[in-house]
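[1] Based on what follows, work out the 3D shape:
(one chain, ligands or ions: 1)
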Amino acid sequence: MGSHKNRTVLVTGAARGIGFAIAEAFAAQGAKVALVDLGKEDVTAAAGKLAAAGTTAIGLAGDVGDFEAMREAVTEIEGALGPVDILVNNAGISPKHEGRRHEVWEMDPEEWRRVLDVNLTGCFNLTRLVTPGMKQRGHGSIVNMASVAGKSYCDFVGVHYSTTKAGVIGFTRHLAGELGPYGITVNAIAPGRIDTPLMRGVNPAVNEAIAGETALRRLGQPSEVADMALFLTSDQARFVTGQTVDVAGGWLMT
Ligand code: NAD
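    From the prediction side, this is the model:
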């Protein structure tokens with residue numbers, strides 16, 4: 001997939017896990033990569049790793065749920081790397097309390113709002129900021145991180161998480177229709193259980209049980225999700241839009 005060279009790619013939640021794997025995968029294709037994440041130290045270190053390997057990369061701290069902070073981040077990124085060609089809305093949270101979700105009857109409304117702000121409004125904020133330029137230039141690709149939990153009932157996540165991931169799927173379909181006439185594709189990835197820091201916080205028996213229910217009998221690797229992000233933003237996928245693709249090894253197939 002040789003279509004990413006010199007493209008400017010913005011990845012949110014990129015300091016670790018799936019987001020970092022995506023940033024690394026684009027870097028390996030010769031893209032210029034902007035990493036956005038909450039903590040300055042972590043995101044600077046992550047961008048530093050890519051820069052050390054020869055990539056043009058910058059790391060910026062900011063909360064995707066904060067529109068003004070994202071406006072400043074996008075201005076800085078476009079000043080340093082040029083207009084954003086590819087946006088990957090990856091940042092997401094799935095709160096756990098002593099390794100388990102809060103059931104709806106015990107969930108703090110503030111926790112509900114925070115998950116909506118990060119997982120869903122975060123996608124809106126970045127999309128809102130980069131699409132005027134993409135529309136003007138007549139090209140661009142957006143990939144949103146959904147989850148199989150947005151399509152099927154999943155015992156391990158809270159109602160806020162599955163609601164936002166279902167929302168990401170609807171957001172993706174709607175924007176594919178709205179932005180397609182301007183040459184912009186919008187797709188989503190629905191990962192199954194991927195071995196990242198987010199998932200290591202839970203009881204290992206849970207991960208073993210999920211691996212057992214997965215057709216391929218294992219958890220996924222962040223690089224396997226990153227490969228799908230590369231494909232969906234490549235020339236090979238130029239006629240693919242509005243889709244949510246499972247990268248789940250056959251777990252919770254719908
Ligand atoms: P992770 O917790 O390992 O990494 C998420 C990153 O996002 C962290 O670096 C975190 O600091 C950052 N982040 C969190 N809130 C943020 C905010 N408000 N602003 C900016 N950055 C923020 O998670 P992961 O497992 O790599 O998950 C990445 C995405 O994939 C999430 O959207 C998640 O819901 C989705 N997903 C993961 C799995 C899985 O099994 N790991 C499964 C389905 C979907």
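
[2] so where is the stretch 151-254 of the chain shaky, pLDDT-wise?
    Applying pLDDT under 70 to the stretch 151-254 of the chain flags residues 201.

[3] And the helices in it, which stretches?
    159-179, 197-200, 204-213, 222-232 (DSSP state H, counting those that start in this stretch).

[4] Give me the contact list for the last one.
    Just to be clear, that refers to helix 222-232. With Cβ atoms under 8 Å, 6 or more residues apart in numbering as the test, helix 222-232 has contacts from 1, 4, 17-18, 20-22, 24-26, 29, 88, 141, 143, 185, 187, 189, 191, 194-196, 237, 240, 243, 245, 247. (Each C-beta comes from the backbone N, C-alpha and C, glycine too.)

[5] now the second one
    Around helix 197-200, the neighbours that count as contacts under Cβ under 8 Å, 6+ apart are R16, G17, S94, R193, N207, L219.

[6] mind listing what's buried in that helix?
    Buried residues in helix 197-200, counting neighbours by 16 or more other Cβ atoms under 10 Å, are found at L198, M199.

[7] Distance of N144 relative to P109?
    Per Cβ to Cβ, to the nearest Å, N144 is found 25 Å from P109.

[8] can you tell which of the helices of the stretch 151-254 of the chain is closest to I58?
    helix 222-232 (19.0 Å; Cβ to Cβ).

[9] how distant is the closest one from the center of its chain?
    11 Å (Cα atoms, centre = their mean, to the nearest Å).

[10] Let me see the contact set for the closest residue to the ligand within the stretch 51-200 of the chain.
    Closest approach between the stretch 51-200 of the chain and the ligand, counting by Cβ to the nearest ligand atom: G92, at 2.2 Å. The contact partners of G92, by Cβ under 8 Å, 6+ apart, come to G13, V118, N119, G122, M145, S147, T164.

[11] Backbone dihedrals for it, please?
    phi -160, psi 150 (degrees, to the nearest 10).

[12] What is the burial count for F20?
    25 (other Cβ atoms under 10 Å).

[13] is it true that it lies in a helix?
    Yes: assessed with DSSP: H, G, I helix; E, B strand; the rest coil, F20 lies in a helix.

[14] What residue, apart from its backbone neighbours, is nearest A34 spatially?
    I77 (4.2 Å; Cβ to Cβ, 6 or more residues apart in numbering).

[15] What is the subsequent helix or strand relative to the helix or strand hosting that neighbour?
    Using DSSP states H and E, the element containing I77 is helix 67-81. Using DSSP H and E, the helix or strand that follows helix 67-81 towards the C-terminus is strand 86-89.

[16] Give me the buried stretch members for that next one, please.
    I86, L87, V88, N89.

[17] The last one bridge partners, please.
    Okay, so that is N89. N144 (DSSP bridges).

[18] That one contacts T131, correct?
    No: between N89 and T131 there is no contact under Cβ atoms under 8 Å: 12.0 Å.

[19] Please pick the buried ones from the contacts of helix 222-232.
    Using 16+ other Cβ under 10 Å, the buried members of the contacts of helix 222-232 are 4, 17-18, 20-22, 24-26, 29, 88, 141, 143, 185, 187, 189, 191, 194-196, 237, 240, 243, 245, 247.

[20] quick one: which of those residues sit in strands?
    V88, S141, V143, T185, N187, I189, P191, V245, V247 (DSSP state E).
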